[in-house]
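Novice: With the input below, show me the fold.
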Amino acid sequence: GINAEYGKQWYQRRVRALGPKPSDKAIPRIPSIRPSTPDRGTPSEDLEEHLGPDDSASQTGLDRAQLLEKYQLALNERDKILNLNSQCQHKIAEHFRKKKGADERQEVEKSVTDQEQRYMKCLQALDELELENELTQKEAESRSNEEKEKMEEKKNLVDEMTAQYFEFKKGVAKQAVNSRSGKPLALKDIEQYIANEKKKEEEVIAVRLENIKLINKLKKRETQLKQKEELADGLH
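Specialist: Below you'll find the predicted structure:
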């Protein structure tokens with residue numbers, strides 16, 4: 001692994017610095033210790049395991065205490081590097097987490113800004129519609145009042161002309177005589193006759209008004225039916 005290669009390179013540099021190696025012995029292999037290796041023991045035990053009982057300081061040309069010290073320093077350096085690597089990984093993860101959070105906040109802020117703009121446009125449109133509705137209502141009220149005044153004037157005129165009509169008929173009836181007896185008609189009979197005629201006239205007016213209402217209702221229903229048919233044709 002990487003740790004074994006690092007130990008081997010360090011060992012070769014150390015051998016070159018101390019002098020030429022004996023020709024009858026190979027360079028001892030430095031033990032490889034991974035971060036996940038359980039119960040690795042002491043550096044001296046690992047080194048003894050790989051050197052063997054026959055290897056000595058005179059045979060390797062190295063001082064065992066110095067070798068163990070260098071080996072321990074290398075292990076400490078490796079632990080520092082691993083610890084630094086873990087810290088860097090943590091910082092990188094924290095950086096990306098914050099960046100992601102910042103991006104999400106920007107998206108949320110942008111969405112909120114868009115919604116606020118749409119809300120303001122809707123409020124503006126609502127104000128315009130309310131103003132238009134107010135003006136329409138005022139115009140409708142004004143026209144309604146005008147029509148009511150005209151209707152009242154015509155009604156008064158009709159009532160006046162109706163009263164004149166019945167007064168005229170009453171005057172004519174007073175001058176009339178009974179065809180059988182040749183006597184003038186009694187005033188009581190004339191008034192009863194005029195009262196009955198007024199009652200019939202009022203009934204006719206009520207029937208005409210009801211007929212007008214029914215005609216308008218029929219037109220409204222025909223319009224609704226036509227709109228439904230047009231909508232159905234548009235959907236198909």
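
Novice: which sections of the chain are below the confidence cut-off?
Specialist: Residues of the chain that meet the criterion pLDDT under 70 lie in 1-62, 102-103, 108, 236.

Novice: ranges for the helices of this structure?
Specialist: In the chain, the helices defined using DSSP state H lie at 2-18, 43-51, 57-60, 64-175, 187-235.

Novice: nearest to S181, of the ones you listed?
Specialist: Closest approach to S181 among those (C-beta to C-beta): helix 187-235, 12.3 Å. Just so you know, the C-beta spots here come from the backbone N, C-alpha and C atoms, and that holds for glycine as well.

Novice: So which elements touch that closest one?
Specialist: helix 64-175 (3 or more C-beta pairs under 8 Å, 6 or more residues apart in numbering; DSSP states H and E).

Novice: what angle do the helix it packs on and helix 187-235 make?
Specialist: With axes from the mean of the first three to the mean of the last three C-alpha atoms, to 10 degrees applied, the angle from helix 64-175 to helix 187-235 works out at 150 degrees.

Novice: chain center to helix 64-175, what's the gap?
Specialist: Taking C-alpha atoms, centre = their mean, to the nearest Å, one finds helix 64-175 lying 10 Å from the centre of the chain it belongs to.

Novice: any idea how far V158 is from the residue sitting nearest the centre point of the chain?
Specialist: Closest residue to the average C-alpha location of the chain: Q115 at 8.2 Å, with C-alpha atoms, centre = their mean. Using C-beta to C-beta, to the nearest Å, one gets 61 Å for the distance from Q115 to V158.

Novice: Same check on I92?
Specialist: Separation of I92 from V158 (C-beta to C-beta): 96 Å.

Novice: quick one on the thing from earlier: distance to S181 added to the helices of the chain, as JSON lines?
Specialist: Listed next are those as JSON lines, based on distance: least, C-beta to C-beta, whole Å:
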{"stretch": "helix 2-18", "distance to S181": "147"}
{"stretch": "helix 43-51", "distance to S181": "157"}
{"stretch": "helix 57-60", "distance to S181": "170"}
{"stretch": "helix 64-175", "distance to S181": "15"}
{"stretch": "helix 187-235", "distance to S181": "12"}
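
Novice: show me what contacts I190?
Specialist: Contacts for I190 (C-beta atoms under 8 Å, 6 or more residues apart in numbering) come out as 170, 173-174.

Novice: which of those residues lies closest to R208?
Specialist: Closest to R208, out of all of those and judged by C-beta to C-beta, is K170, at 24.9 Å.

Novice: related to what we said a few turns ago, which among the contacts of I190 end up buried?
Specialist: Among these, those that count as buried by neighbour count (16 or more other C-beta atoms under 10 Å) are A173.

Novice: L231: which of the contacts of I190 is nearest?
Specialist: Ranked by distance to L231 (C-beta to C-beta), the contacts of I190 are led by K170 at 59.9 Å.

Novice: Quick check: the closest one touching I194?
Specialist: Yes: K170 lies in contact with I194 (C-beta atoms under 8 Å); the separation is 6.0 Å.

Novice: For those two, list the residues in contact with both.
Specialist: Common contacts of K170 and I194 (C-beta under 8 Å, 6+ apart): none found.

Novice: N83 and E128, how far apart?
Specialist: Distance from N83 to E128, by C-beta to C-beta: 67 Å.

Novice: same thing with Y165?
Specialist: Distance, Y165 to E128, using C-beta to C-beta: 54 Å.

Novice: try Y71
Specialist: Using C-beta to C-beta, Y71 is found at 85 Å from E128.
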